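K.L.:
what shape does this take:
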Amino acid sequence: MDSVINNKIKTISQNKTWLFVPATRIDRVAKAFASGADAVIVDLEDAVAPGDKASAREALQQYHDSAGYQPIWVRINKAGSEEFFKDIVLCQKMSHLAGLLLAKAEQAEDINSVYQLTNLPVIALIESAIGLYQLDSMAKAIGLAAFSYGFLDLCNDLQVQVGTPAADIIANQIRYQLILTSKVHQLSPPIDTIYPDFNNEVGLSDRVQLWSQMGMSGMLCIHPKQVAVVQQTLQPTDEALLFAQRVVEEYERSGQAVFKIDGEMVDAPVIERSRQLLAK
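P.N.:
As a prediction, this is how the structure comes out:
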């Protein structure tokens, strides 16, 4: 991969909020950016009815060529479908895209193909049992920047009942597999799936704490109001920042590998975690 693509991939983990906008409502892109979202995804897949695909692509092209354009990501249709090839032709005409999300990713060859045809970084959306099973193979694909997943689609395919304790177990297992595979293959940490109830700020905040504590990098959002909740929840507390500052200062002052702060044992992992927190 060239240096431009590598730089794009390296910055993906800095994006904490990824906000979807249907390509049929391209007028909402400006509002999406105004929400403070780190990345805006224009959706050509599930959010667009089959009969509206052509007009949605036209609207996207017009936005890309407009004076007010800001770099966006585009979710394209499943590889091998008729709409996929039309999406690829469109993306080849748009030279200033940030990258692509490949819906229902299942094969490394498809990710390779998308990258080779567009020269854009790819986020693979895992939405089927086959996709989940092929994670390790897809992680080696050229142009792959990160994984995300569609939990509702996965539940349908795996016959998991949504909204149950069993579904929570499956979701965390999926997160674990994505995190481990991404780390081993030096990809950006994975992006968590959507939280469908955009009126439930408490539930969304709880979800953000979960995936961030697990080591994921960001979250797919479906409504502008979710952006502020995600960003606020990710802010470290004053107490956590103060502790991290004291740890780093004491380490730099004493040079000791092991010491105590307020009775808590501090060693190399705690020092590194404190540095990471302050760096953010």
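
K.L.:
those strands in this protein, which residues are they?
P.N.:
17-22, 39-43, 73-76, 99-102, 122-126, 144-149, 191-192, 218-221, 259-261, 264-266 (DSSP state E).

K.L.:
low-confidence regions, the protein specifically.
P.N.:
The model of the chain has pLDDT under 70 over residues 1-10.

K.L.:
so which residue is dead centre in it?
P.N.:
Nearest to the geometric centre of the chain sits Ile191, at 3.1 Å (Cα atoms, centre = their mean).

K.L.:
which ones are touching the residue nearest to that one when sequence neighbours are not counted?
P.N.:
Closest residue in space to Ile191, ignoring its immediate chain neighbours: Ser148 at 4.0 Å, by Cβ to Cβ, 6 or more residues apart in numbering. For the C-beta atoms, the positions are set from N, CA and C on the backbone; glycine is no exception. The neighbours of Ser148, taking Cβ atoms under 8 Å, 6 or more residues apart in numbering as the test, are 18, 101, 123-126, 190-193, 220.

K.L.:
ok, the closest residue to Gly215 other than its chain neighbours to Leu100 distance?
P.N.:
Excluding its sequence neighbours, the residue lying closest to Gly215 (Cβ to Cβ, 6+ apart) is Ile179, at 5.4 Å. Noted for Ile179: a distance of 22 Å to Leu100, by Cβ to Cβ, to the nearest Å.

K.L.:
now Thr193
P.N.:
Thr193 is 18 Å from Leu100, by Cβ to Cβ.

K.L.:
what's the burial count for Glu239?
P.N.:
Neighbour count for Glu239, taken as other Cβ atoms under 10 Å: 8.

K.L.:
how about Ala32?
P.N.:
Counted with other Cβ under 10 Å, Ala32 comes out at 24.

K.L.:
quick check: it vs Ala23, distance?
P.N.:
12 Å.

K.L.:
again, but for Lys31
P.N.:
15 Å.

K.L.:
could you do Gly203 as well?
P.N.:
Counting by Cβ to Cβ - Gly203 and Ala23 are separated by 28 Å.
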